[in-house]
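Q: Show me how the following folds:
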Amino acid sequence: VRLRVYSSPAAAGSFCRVNILVHPVSLSLKEGDTLVLPCSAAGNPPPQYQWFRNDQLLPNANKPNLEVIGVTTADRGKYYCRAFNLYHDVWSRVVSVEIGPNTSFNDAFIGETEEVSSPG
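A: Residues are numbered from 1 along each chain as shown. All right, here's what the predicted structure looks like:
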């Protein structure tokens, strides 16, 4: 029995590095807003994703877009994603997310002030 093994450069090249196509961008939001950060990557095999905030892994944040509904000031910080497959991994840019207070309630009470004079 004779066995021939061929190595094709094309077959070896079918596995490619992971490349991030869309990086997240820094945002300034108000409390209660929805945070959406994109991170889109290409690779073969297709990449998986993991998001981080302040260098801490975010549990269950493993989709290309990170979405946090109803943010609070606790959600502010530095965010980035890791895109990876069996052969390679890359990190997105680190972006800043600032969360300020929701002032719409207070703004409703800011208006013209009337001068009140006392009788006398």
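Q: Show me the strands in the protein, by range?
A: 16-22, 27-30, 35-38, 40-44, 48-53, 56-57, 65-68, 77-84, 89-91, 95-100 (DSSP state E).
Q: can you give me the offset of the fifth one from its chain's centre?
A: From the chain centre to the centre of strand 48-53 is a distance of 8 Å (C-alpha atoms, centre = their mean, to the nearest Å).
Q: Output that strand in PDB with nothing but the alpha carbons.
A: The C-alpha trace of strand 48-53 is given here as PDB (Å, rounded to 0.1, in the frame of the first residue of the first chain):
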ATOM      1  CA  GLN A  48     -15.900  34.600  18.500                       C
ATOM      2  CA  TYR A  49     -16.100  37.700  20.700                       C
ATOM      3  CA  GLN A  50     -15.500  38.700  24.300                       C
ATOM      4  CA  TRP A  51     -16.000  42.200  25.800                       C
ATOM      5  CA  PHE A  52     -14.100  43.800  28.600                       C
ATOM      6  CA  ARG A  53     -14.800  46.900  30.800                       C
END
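Q: could you give the angle of it to strand 40-44?
A: 150 degrees (axes from the mean of the first three to the mean of the last three C-alpha atoms, to 10 degrees).
Q: Parallel or antiparallel, list what pairs with strand 48-53.
A: If you go by DSSP bridges, strand 48-53 pairs up with strand 56-57 (antiparallel), strand 77-84 (antiparallel).
Q: Identify, out of the ones you listed, the most deeply packed stretch.
A: Ranked by mean neighbour count under mean count of other C-beta atoms under 10 Å, those are led by strand 77-84, which reaches a mean of 21. (Glycine included, C-beta is placed from N, CA and C.)
Q: so for that one, what's the average pLDDT?
A: For strand 77-84, the mean pLDDT works out to 98.
Q: Repeat that for stretch 61-71.
A: On average, stretch 61-71 scores 98.
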